[in-house]
Each structure stands twice: as C-alpha cells, then as structure tokens.
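Q: I'd like to go over a predicted model; first the sequence, then the structure.
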Amino acid sequence: MKLKQQKNVTALYCRYSKDEDYHSGNSMSIRHQKAMLETYANERGFLPTEFYVDDGFTGTNYERPAFKRMIADVENATVGTVIVKDLSRLGREYLQTGYYTEIYFPQNDIRCIAINDGFDSDIGENEFAPFRNIINEWYAKDISKKIKSALRTKALKGDCTSGMPPYGYSKDEHDRTRLVPNDKAPYVQMMFQMALEGKSCWEIANKLQELKLLIPRAENLVRNGNADSPTFPKYQYSWQKSTIKGILTNPVYTGKTVSHKHEVKSFKDKRIIEHSEEDWIVVENTHEPLVSESDFETVKARISVKTRDKTTNPDNIFRGIVYCPDCGKRHGFSKRKCDKNSKGAYRCATMVKYGKDYCSNHYITFEQLYEVVLSDVRRHAALAEQDFDKYVAVLSKASDTNKNAEKSSLIREADKAKKRISELDILLQKLYEDKVFGIISEERFLSMSNSMENELSELKARVKQISDYVSENEKNSANASAFAKLVEQYIGISELDYELVHMLIDKIYIHEREVIDGKSHIRIDICYRFIGNCSEDEPVTVIRRKS
C-alpha cells in the first residue's frame, strides 16, 4: 500500500463555494486550503503532489470539473492518496460522500485523509465519519435556507438580485442593488420602437446584427473586463429571436424589479422550477424605466401572436390584431378562391375550427377592412390638424366612455367564466366519485375529465387576461395627446402598410353582418393605441360584393 502511494501522485483537493461566505468568511478560501494541504503533504512526505481545485462549486453537486478529473486519475491509477481539509470539501451530500470514503476509495486502494476531521483511511475505520457527513449535509441545507431567505428579503425590497444586469442597465457603482441605464439603453428603446412599428423579433435581431452590437452575454463580459475569457461567445454579434423576445417581454424595462421567477428544486436537486407569473415578486418604481407601461403591454401582446412570417404572407398587414367581439378569438386570414382579384378575407377562428354552433362567421374581406381603416385614419389625422386641443378633448371624453363600457362588458364575461369554473369543479368531483363507485369506466372518466380540464384551463387564462386588462386600464388613463401627435403626421395618407397599422392600432373587432334595408352593415370597432375604441356611434356600413 505504502509503496503504491510513494509511486503515485498525492491529490490535494480544494473546494470552495461562494455560499459559504454567509458563514465562514475566508477560513475556507482556496488560498487557505492550498497552504494547509501543501504544508501537511510536505511535512509527511506525500510527494509528488498535484492540486485539484473547484472554486465556486457547491458541495451538494458532484459534477465538478476538478473532482471529476481527480476521479478519472484514480481510475487511471495515477493517484494513490487524496488529502482534503475536511470531509465537507469532498461534498455535503452524506450518502455520496460516504460512498467515496467507505467504498470507492478503499476498493481502488486510495488512502483518504481529512486533516481537520482526524480521518485517515490507512489507520482504520473512523466510526464518527458518517456522522460528520450527515452534519455537513445539515450545514448545506441550513445555508441554502439562509441564502433563500436573504434573497427573498432583498427581492421584497426591490433590490437587484441577479448577477448579470439586464441589457441596457448597469449596477449603480454606489449601490450594487440598484440599476441605472447605460450606453446601450437607447438600443433597448429602439427595439421597443421597432416592435411598435410592427417589426418582428427576427427583423429587430437582423438590425442589431447590422449595427455590430454585441449580444448581451458578450457585452457583459466586455463591460466587466473579461473580453479574453474562454467563455466569450464565438458569434458575438449573432442576435437571436429568443433574445429579442426576452428583452421585449421583460417588465424590468418599465421600472419594475421582478424576482422569484424560478428557483432550484432543493439544495441537492439543482433542476430549475419555473414559477407562475402570479408568484413573482414585483416591486414598482425601483429604477429609471426605458419604456412606458402602455408601450410595453402593446409590444408584449403583439409578439405573443404566433403568425406566419411577413415574407410568406405579405398581404396580411392586419396580422394578429383582428378579433371576434363575441368569442374573443383572433380572426384567421385566407385567400379567396372565388375571387382571384381579392387579397383575402378574415373569419372568426372559432367558427372555422369548431363550426357555426360555437360562433358565427364575422366575415370581412381584406379590401373592405383596408378601406374602412384607411378612411378612419384619415379622419383622425384631419381632425387633429384642424383643431388639436379640441380634438384631444373630444378623444379623452370618447375614450373614457368607451373604456367604461368595455370594462363593464369584460367584467360580465369574467363573472360568467368564474361561475362556469365553479360548475366544472363540482362536475369533476362528481365525475371522480362516479369512477370510484364504478358507475363509469376509467376510460370514460379520463375522456370526460380531460375535456373539462382543458375548458377549465382556458377559462382561468381568460379570467386572468381580463383581470390584467381591467387593472391596467384603471392604472393608466387614456393618453389622447400622445395619440393626436402620432396620428397628425398622417394627414393626407394615401395607403396603409404593416408598420403604420401596427404603430397606430392595438385591436380591430369585426361584428357579425346585419342586413338593414337590403344593405349589409358590418360594425368595425378600431381600438387605437393610447385611446382605445373611439369609433363613431353609427356602425361602419360595408356592402358585400357578390362572389
């Protein structure tokens, strides 16, 4: 045994986790450990030696690079002795640490020494070692709880708890828990402006790539003086759609600090658990915003729409903003086979998918909708130019009236959905009892319960959507002046395009056709940005063309 140890390398293993700063200060630092192990090995003739160092790695996870390298050297018979400061350096999971000290090392003729614990496998069994491993695990569990508690306290205060600040922000030099805009903030504002104009995440990513802007990870490394880091990304200007979407949907840019989005399952299991949005910790007004709340919500709603790329469907300039007022679903767009001169038509997606028993057609051609929207934009632009102050006053009054009516309608819809949710909960309970008592089969139970669960999920999502919308409207009054300034520049406009439509309009509701005096009347409610629905009292009249 001793001859084998003299011929092989002595592994001096060091590990330090930043989590231990909460308890032990620098007493377990890598520098301190290396000095102790080197002195011990030299005084007792454990030569030659080689250091295996894992700096910044938790003891509850054994997927550490230096530890794995040491185990590989053990397998290759190049290591004869392993020396650590104490058993907690090997690990803080008592079963796994016990496996190495009690089974793995002895089977491979490895002498293991833990200096501070008085453990030496060559002297004989140490009955207290398993208890030390348990205590080390308890310590790790306690530290994990303390860190989680400290981070939660910071989050509730609105402190920034992330290591890497969001793109466009830096940590304040005088208070590292606060965010301040940096020189990349204008590019964040540019992203939101492009999204408001109808540009896709892919188009925004291409624009940033053209400007040779470093991606967030590369930017953070350069800002911290680590441009030469081996982890520096190879494609430093390659912006991805997912990165753009992450920025455009991050509420931090409205001046909020959002924490507790996710956490690890436990101090042993490092898998990430995503929290639902209602469990997030949100603190308002913690730093300077880069975008207004209304613009953020508009952008967030638009990029959530899953649509075809504009290059594959260029005619659909109203993509993602045409809705059915009855079921609340978006309209689908399709080409008209019966009329090759038409660019296409819009129909309620619910009716198309499930049939007329669930909703009606709410049909309108692209040309009809285009004509109505162009005319209404011209009307607003002309009114803004004629008498700006009067127009703003009229808009404010009309917007408030329509928003109140819309709010009442949405609250009624939410109440109806909540009632149905209660009914479904009772039905599911009754269904389960029928299965237990053998009234219905397992197959029938699964079929019916799955259907009810799906309906429950949709209803709950709709209730939350309505709740968020109503809360937002109560919080933000209509900004008529901002809309007037926006639309005034389009006086005399002759045609619409995708960017213009999406800059001015949030939603368009197509009501079902009504026949009055032989003419087809279709009411179209146009909800503009800042002001909502300010349609004229009379429904828009559209005379359907004959196919």
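A: Cool, got the structure.

Q: Look at Ser494 and tell me its secondary structure.
A: coil (DSSP: H, G, I helix; E, B strand; the rest coil).

Q: And it, how close does it get to Ala41?
A: Note on Ser494: its distance to Ala41, by Cβ to Cβ, to the nearest Å, is 85 Å. (Each C-beta comes from the backbone N, C-alpha and C, glycine too.)

Q: Can you give the distance of whatever helix or strand Ala72 lives in from its chain's centre?
A: In this structure, Ala72 sits in helix 65-75 according to DSSP states H and E. Taking Cα atoms, centre = their mean, to the nearest Å, the mean C-alpha location of helix 65-75 is offset from the chain mean by 37 Å.

Q: Which neighbouring elements make contact with that helix?
A: Packing partners of helix 65-75 (3 or more Cβ pairs under 8 Å, 6 or more residues apart in numbering; DSSP states H and E): strand 9-16, strand 49-55, strand 79-84.

Q: Residues touching it, excluding its own?
A: With Cβ atoms under 8 Å, 6 or more residues apart in numbering as the test, helix 65-75 has contacts from 9, 11, 13, 15, 52-54, 57, 79, 82, 105, 108, 110.

Q: Just the buried positions in it, please.
A: Residues 66-67, 70-71, 73-74 are the ones in helix 65-75 that count as buried (16 or more other Cβ atoms under 10 Å).

Q: what's the pLDDT at Ser494?
A: pLDDT, Ser494: 89.

Q: what about it, how many neighbours?
A: 6 (other Cβ atoms under 10 Å).

Q: and it, how far is that from Ala381?
A: Distance from Ser494 to Ala381, by Cβ to Cβ: 12 Å.

Q: hang on, the earlier thing: dump the helices and strands packed on helix 65-75 into a markdown table; add mean neighbour count as well.
A: Output for these, formatted as a markdown table (neighbours: other Cβ atoms under 10 Å):
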| stretch | mean neighbour count |
| --- | --- |
| strand 9-16 | 23 |
| strand 49-55 | 17 |
| strand 79-84 | 24 |
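
Q: Redo the ones you listed as TSV? Include distance to Phe388 and mean pLDDT.
A: TSV is the format used below for the helices and strands packed on helix 65-75 (distance: least, Cβ to Cβ, whole Å; pLDDT from 0 to 100):
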stretch	distance to Phe388	mean pLDDT
strand 9-16	66	93
strand 49-55	64	94
strand 79-84	77	94
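
Q: between those, which one is nearest to Pro314?
A: Of all the helices and strands packed on helix 65-75, strand 49-55 sits nearest to Pro314, with 54.6 Å by Cβ to Cβ.

Q: hang on, Tyr528 packs against Asp506?
A: Yes: counting by Cβ atoms under 8 Å, Tyr528 touches Asp506, with 6.8 Å between them.

Q: Give me the more crowded residue out of the two.
A: Of the pair Tyr528 and Asp506, Tyr528 is the one with more neighbours under other Cβ under 10 Å, namely 24 against 20.

Q: Quick one: residues contacting that one.
A: Neighbouring residues of Tyr528 by Cβ under 8 Å, 6+ apart: 380, 483, 487, 504-506, 534.

Q: Over to Leu410?
A: Going by Cβ under 8 Å, 6+ apart, Leu410 touches 466, 469-470.

Q: Taking those residues, please make a PyMOL selection of just the buried ones.
A: Buried residues within the contacts of Leu410, by 16+ other Cβ under 10 Å, are selected in PyMOL with:
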select buried, resi 466+469+470
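
Q: out of the contacts of Leu410, who's nearest Lys171?
A: Tyr469 (34.0 Å).

Q: Now for that closest one: which residues touch it?
A: With contact set as Cβ under 8 Å, 6+ apart, Tyr469 has these partners: Leu410.

Q: distance of it from Ala349?
A: Remark: distance between Tyr469 and Ala349 (Cβ to Cβ) = 20 Å.
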